[in-house]
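Asker: pasted the sequence and its predicted model underneath.
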Amino acid sequence: MKFFIDTANLDQIKEAQELGVLDGVTTNPSLMAKEGITGKDNILKHYVDICNIVDGDVSAEVVATDFAGMVKEGEELAELHDQIVVKVPMIKDGVKALKYFSDKGIRTNCTLVFSPGQALLAAKAGATYVSPFLGRLDDISTDGLNLIAEIRLIYDNYGFETEILAASIRHTMHVIDCAKLGADVMTGPLSSIDGLLKHPLTDIGLAKFLEDYKKGNS
Ligand code: G3P
């Protein structure tokens with residue numbers, strides 16, 4: 001399972017990278033705005049800064065909503081760095097753009113996916129990644145994890161190579177559950193990765209080992 005971090009915060013990206021388990025980064029216009037990154041030039045520079053920190057894929061989202069605009073923006077983003085994956089929304093022109101990019105060898109991440117049908121379309125159009133937003137489904141009393149399971153089943157039925165990128169992960173149990181369901185990638189906040197570390201018996205056990213070591217070596 002690949003671990004992506006879902007942020008535009010460079011400190012958090014560095015921290016995750018230093019842990020040695022980071023496979024990539026996802027961003028979106030909201031995450032960029034949260035870090036105060038505004039204006040086209042600053043946003044493009046920020047993507048390059050992120051690529052220079054991590055070794056893996058960095059999703060950069062188009063903001064155009066028409067086919068021609070998405071193609072223009074996506075090609076510009078893809079030119080920035082070979083780690084860039086163009087993030088395209090699941091709308092009709094987005095599906096056309098996914099197919100266009102796929103035919104040109106430009107890697108894509110289809111975002112804002114909330115149903116198995118949308119995920120099927122993304123795979124048919126040749127998306128590299130599909131991003132089902134499970135936290136946002138949970139937010140409206142719908143089972144986000146079930147969507148991951150449904151997409152896994154459909155993709156396995158037909159051998160689609162599109163990778164399931166479980167997005168809108170909010171906490172560590174989402175990561176564990178997505179791993180059980182066979183999501184190829186998870187993207188979440190740093191806290192969702194850090195949470196995997198924690199167990200009180202590890203802390204208690206380590207304290208005891210160190211105490212016994214001190215006794216034997218004093
Ligand atoms: O990767 C998608 C993500 O940024 C959305 O997460 O927590 O805003 O639903 P959230």
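Answerer: Right, received. Where do you want to start?

Asker: secondary structure element holding the residue nearest the centre of the chain?
Answerer: The centroid of the chain falls nearest to Thr187 when counting by CA atoms, centre = their mean (3.5 Å). If you go by DSSP states H and E, Thr187 is part of strand 185-188.

Asker: give me the next element, helix or strand, following that strand.
Answerer: That would be, after strand 185-188 and using DSSP H and E, helix 190-194.

Asker: wait, does that following helix contact the ligand?
Answerer: No: with CB under 6 Å from any ligand atom as the measure, helix 190-194 is seen stopping short of the ligand, the closest distance being 10.2 Å. Where C-beta positions appear, they are placed from N, C-alpha and C, glycine not excepted.

Asker: so where do the helices sit in this protein?
Answerer: Using DSSP state H, the helices of the chain run over residues 10-19, 29-34, 40-53, 67-80, 92-104, 116-124, 134-139, 144-158, 172-181, 190-194, 200-216.

Asker: still on that earlier bit, give me the distance between the residue nearest to the centre of the chain and Met70.
Answerer: 21 Å (CB to CB, to the nearest Å).

Asker: do the same with Asp194
Answerer: Taking CB to CB, one finds Asp194 at 35 Å from Met70.

Asker: what do you get for Asp177?
Answerer: Distance from Asp177 to Met70, by CB to CB: 32 Å.

Asker: also Glu18?
Answerer: 34 Å.

Asker: compare the two (neighbour count), which wins?
Answerer: Met70 (24 against 10; other CB atoms under 10 Å).

Asker: report pLDDT for the closest residue to that one other than its chain neighbours.
Answerer: Spatial nearest neighbour of Met70, excluding adjacent residues (CB to CB, 6 or more residues apart in numbering): Ala97 at 4.1 Å. pLDDT for Ala97: 98.

Asker: contacting residues around Ala97?
Answerer: 62, 67, 70-71, 74, 88, 108 (CB atoms under 8 Å, 6 or more residues apart in numbering).

Asker: ok, back up a step: and the contacts of the strand holding Thr187?
Answerer: The contact list for strand 185-188, computed with CB under 8 Å, 6+ apart, reads 1-6, 23-24, 26, 129, 131, 163-167, 169-171, 174-175, 178-179, 192.

Asker: say whether the ligand is contacted by it.
Answerer: Yes: contact of strand 185-188 with the ligand (CB under 6 Å from any ligand atom) involves Thr187.

Asker: pLDDT (mean, whole number) over that strand?
Answerer: The model assigns strand 185-188 a mean pLDDT of 98.

Asker: run the chain-centre distance for it.
Answerer: 4 Å (CA atoms, centre = their mean, to the nearest Å).

Asker: buried stuff in it?
Answerer: 185-188 (16 or more other CB atoms under 10 Å).

Asker: before we move on, what about stretch 125-132?
Answerer: Within stretch 125-132, judged by 16+ other CB under 10 Å, the buried ones are 125-132.

Asker: mind listing what Thr111 touches?
Answerer: So, once contact is read as CB under 8 Å, 6+ apart, Thr111 ends up touching 28, 59, 61, 87-90, 131, 133, 167.
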